[in-house]
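Participant: attaching a predicted model along with its sequence, questions to come.
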Amino acid sequence: MIDNISASKHSFIIQAQNEAETISKVITEVKKLNPYEVIVVVNGSTDQTSKIAKSMGCKLLEYQEPLGINLGKAIGAYYATGDILVFLDGDIVIPSNRLHSFVKSIQEGHDIALNDLNWAMRGRNKPDPTSLAKKALNIFLGREDLGINALGGIPNALSRKAVEIIGWWNLVDPPLSQTIGILQNQSISSPVSVDVIRPNKARKQHITKAANSPFAKSTSRIIGDHLQAIHRLVEHKGKRGGYVDVRQRSVIANLEVPDKRKSVKRSAVVSLDHGSNQLSSIINILMKMNVEEVIIVGSKAQLSSFHFKEKNIKIVPLQNSLGSYTSRLVGLLHSSAETTLFVDGHSVLTEEDLLPFYEAIERDKIDIALNNKGFLKDKTFPIDQKSTIQYFLNTAMKRPDLLNHSLMNTPYAVKRQVIEKVDVQAWMIPPLAYVNAVLQGFKIKAVHTVKGSSNVLDGADSMEVFLGDHIEAIHHYIKNTNERGNFTDGGKNRELIESMKKGEPK
């Protein structure tokens with residue numbers, strides 16, 4: 001017996017489907033903790049799982065048909081009567097001393113206890129889509145400290161109070177449950193690390209590709225679960241998830257769009273918002289590349305020290321700095337070229353850096369030519385916040401090939417057709433313009449790596465703006481698909497849950 005484990009009534013809920021080989025071992029470890037009750041939810045089994053669970057004195061809830069992932073978790077929570085609910089799967093045997101840590105964490109006052117799996121992100125492996133989704137959601141929720149720890153990973157435990165606040169029925173969707181818990185300021189701990197990744201046996205859903213998705217069925221379901229959770233965040237805190245926006249959108253709305261002269265082949269927009277110390281060098285490079293129109297956007301104070309003789313340089317002075325993203329939009333409004341390149345005036349660049357972006361559009365028929373920032377995801381371990389969010393956005397849009405590439409990173413080039421088709425206001429929010437372009441089917445590719453390029457953020461609350469921009473972009477994507485981004489939910493029997501909520505026979 002482990003000390004103090006009997007200080008509360010603790011219910012263990014085990015989901016199982018064809019787990020005859022392991023279920024007795026799982027229950028044996030649980031029984032060492034003197035549980036108040038052990039509930040085994042068996043669904044769609046064709047082996048002896050139910051018989052074994054019943055013979056070991058467990059409360060058996062049996063369903064002949066498969067219910068879908070995590071239905072057993074919700075059903076078990078509905079029937080559980082303990083003060084602490086601990087959730088397990090029937091195929092992974094976890095030592096009782098490890099399980100004790102989750103019960104103890106709730107006894108100590110936490111509402112939710114998660115398995116600490118952050119060790120899985122510290123290696124030099126490419127981040128997998130499900131880990132990215134978990135980490136991105138925690139960042140959006142202001143809980144970067146949780147890393148990839150999530151209610152989707154067993155074992156985990158919840159207090160009775162937490163289940164009542166979250167709603168037992170929402171446990172069908174663990175990311176949604178976690179989002180509700182965090183929005184309700186519940187206390188979350190990660191008391192111990194239990195390796196459930198390596199013992200997790202491969203199943204058909206892990207390798208079978210989902211319809212209309214580049215991912216396997218299980219991965220697609222998990223990504224959809226996280227988009228559904230972000231949808232709830234937006235419903236609760238607005239389209240930016242409660243994050244600030246320092247941009248003066250009304251200023252842009254009132255800007256006069258200049259009359260365009262006859263279209264030229266190449267244009268370049270140079271923003272000075274974060275400095276102009278490389279401006280002369282950049283202009284010389286652009287002249288060598290036969291750029292027919294150079295648009296320089298900056299405040300009057302920034303532009304006062306520059307005098308240009310070249311006829312193809314267009315100066316756009318602003319009363320005050322509007323931020324680099326907004327300056328890019330102002331420059332875009334003045335562009336009359338078939339291809340527009342975007343750079344920042346403080347970036348150290350060469351002709352070899354810039355020419356590939358024009359060539360990708362002119363020669364390779366790309367609509368948006370991005371700076372290849374894929375090396376960043378392999379440079380920092382664990383993966384940094386910005387790369388995580390940018391990578392997750394591409395994953396959510398079913399474009400994992402785009403990795404962590406983004407319209408936030410200059411230099412990049414855009415075809416005239418894209419500029420005309422994407423809502424003009426969206427261009428001041430790069431992720432929003434990016435989502436617009438993906439939804440319209442434009443051809444997007446990272447064509448060249450410029451390591452010394454700009455990835456600056458605007459304003460004192462720059463990370464807040466960055467996160468808000470990406471939530472707003474995801475919100476737009478959800479509005480144009482559905483709350484799960486058109487990802488599968490894995491065939492969850494939601495009708496059963498709804499009938500239980502109404503008190504109908506189960």
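Facilitator: Thanks, I have the structure now. No experiment lies behind these values; they were computed from the predicted model shown.
Participant: use CA for all of it now, contacts and neighbours both
Facilitator: Fine.
Participant: what's the neighbour count on residue 352?
Facilitator: Residue 352: 11 surrounding residues under other CA atoms under 10 Å.
Participant: measure it to residue 375 for me?
Facilitator: 18 Å (CA to CA, to the nearest Å).
Participant: ok, residue 229 next?
Facilitator: For residue 229, the distance to residue 375 (CA to CA) stands at 29 Å.
Participant: now residue 163
Facilitator: Distance, residue 163 to residue 375, using CA to CA: 42 Å.
Participant: residue 300 now?
Facilitator: Counting by CA to CA, the gap from residue 300 to residue 375 is 37 Å.
Participant: among these two, which residue is more densely surrounded?
Facilitator: Taking neighbours as other CA under 10 Å, residue 300 and residue 375 compare with residue 300 leading, 15 against 12.
Participant: give me the element the residue nearest to that one when sequence neighbours are not counted is part of.
Facilitator: Leaving aside its chain neighbours, residue 300 sits nearest to residue 317 (5.2 Å; criterion: CA to CA, 6 or more residues apart in numbering). Secondary structure from DSSP states H and E places residue 317 in strand 313-318.
Participant: show me what secondary structure element comes after that strand.
Facilitator: For strand 313-318, the following helix or strand on the C-terminal side (DSSP H and E) is helix 324-334.
Participant: export the helix or strand following that following helix as PDB, just CAs?
Facilitator: Later in the chain than helix 324-334, the nearest helix or strand by DSSP H and E is strand 337-344. Output in PDB follows, covering the C-alpha atoms of strand 337-344 (Å, rounded to 0.1, in the frame of the first residue of the first chain):
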ATOM      1  CA  ALA A 337       4.500  45.200 -61.200                       C
ATOM      2  CA  GLU A 338       3.800  41.700 -62.300                       C
ATOM      3  CA  THR A 339       6.100  40.500 -59.400                       C
ATOM      4  CA  THR A 340       6.600  42.400 -56.200                       C
ATOM      5  CA  LEU A 341       9.500  41.600 -53.900                       C
ATOM      6  CA  PHE A 342       9.400  42.600 -50.200                       C
ATOM      7  CA  VAL A 343      12.600  43.400 -48.200                       C
ATOM      8  CA  ASP A 344      13.500  45.400 -45.100                       C
END
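Participant: show me the protein divided up by domain.
Facilitator: 5-117+153-200, 249-373+409-458 (automatic domain parsing).
Participant: state the number of residues packed around residue 94.
Facilitator: For residue 94, the count of nearby residues is 21 (other CA under 10 Å).
Participant: over to it. Which of the three states is it?
Facilitator: Following DSSP: H, G, I helix; E, B strand; the rest coil, the label given to residue 94 is coil.
Participant: mind checking how far the residue of the chain most remote from its centre is from residue 263?
Facilitator: Note on the chain: the largest C-alpha distance from the chain mean falls to residue 309, namely 47.2 Å (CA atoms, centre = their mean). To residue 263, residue 309 is 22 Å away according to CA to CA.
Participant: mind listing what's buried along the lengthiest helix in the chain?
Facilitator: What stands out as the longest helix in the chain, according to DSSP state H, is helix 217-237. For helix 217-237, burial by neighbour count (16 or more other CA atoms under 10 Å) applies to 217-234.
Participant: what's the answer for stretch 310-327, then?
Facilitator: Across stretch 310-327, burial judged by 16+ other CA under 10 Å covers 313-318, 321-327.
Participant: and these, which is closest to residue 49?
Facilitator: Checking the buried residues of stretch 310-327 against residue 49 by CA to CA gives residue 325 as the nearest, at 58.3 Å.
Participant: I figured the closest one hits residue 431, correct?
Facilitator: No. Residue 325 lies out of contact with residue 431 (CA atoms under 8 Å); the separation is 10.6 Å.
Participant: between the two, which contacts overlap?
Facilitator: Here residue 325 and residue 431 share the contacting residues residue 408, scored by CA atoms under 8 Å, 6 or more residues apart in numbering.
Participant: measure stretch 342-350 end to end?
Facilitator: By CA to CA, one end of stretch 342-350 lies 14 Å from the other end.
Participant: how far does it sit from the chain's center?
Facilitator: From the chain centre to the centre of stretch 342-350 is a distance of 29 Å (CA atoms, centre = their mean, to the nearest Å).
Participant: and what of stretch 12-24?
Facilitator: Taking the mean of its C-alpha atoms, stretch 12-24 sits 32 Å from the chain's own mean (CA atoms, centre = their mean).
Participant: contacts for that stretch, please.
Facilitator: 30, 35, 37-49, 52-53, 56, 70, 72-73, 76-77, 80, 85-93.
Participant: so which bits of that stretch are buried?
Facilitator: Residues 12, 13, 14, 15, 16, 17, 18, 19, 20, 22, 23, 24 are the ones in stretch 12-24 that count as buried (16+ other CA under 10 Å).
Participant: how about stretch 434-446?
Facilitator: Within stretch 434-446, the residues scored as buried using 16+ other CA under 10 Å are 434, 435, 436, 437, 438, 442, 444, 445, 446.
Participant: and the fifth one, what does it touch?
Facilitator: For residue 438, the residues meeting the contact criterion (CA under 8 Å, 6+ apart) are 397, 444.
Participant: which SSE is it in?
Facilitator: For residue 438, the element it lies in under DSSP H and E is helix 430-439.
Participant: for the helix or strand following that helix, name the packing helices and strands.
Facilitator: Using DSSP H and E, the helix or strand that follows helix 430-439 in sequence is strand 444-448. Strand 444-448 makes packing contacts with helix 351-362, strand 368-371 when contacts are defined by 3 or more CA pairs under 8 Å, 6 or more residues apart in numbering; DSSP states H and E.
Participant: report the distance from the last one to the chain centre.
Facilitator: Think strand 368-371. Taking CA atoms, centre = their mean, one finds the center of strand 368-371 at 21 Å from the center of the full chain.
Participant: ditto for stretch 214-229
Facilitator: Remark: stretch 214-229 is offset 11 Å from the chain centroid, using CA atoms, centre = their mean.
Participant: on that earlier part again, in terms of mean pLDDT, which of the domains of the chain ranks lowest?
Facilitator: Among the domains of the chain, domain 249-373+409-458 carries the lowest mean pLDDT, a mean of 88.
Participant: quickly note the distance from residue 142 to residue 235.
Facilitator: Residue 142 is 16 Å from residue 235, where distance means CA to CA.
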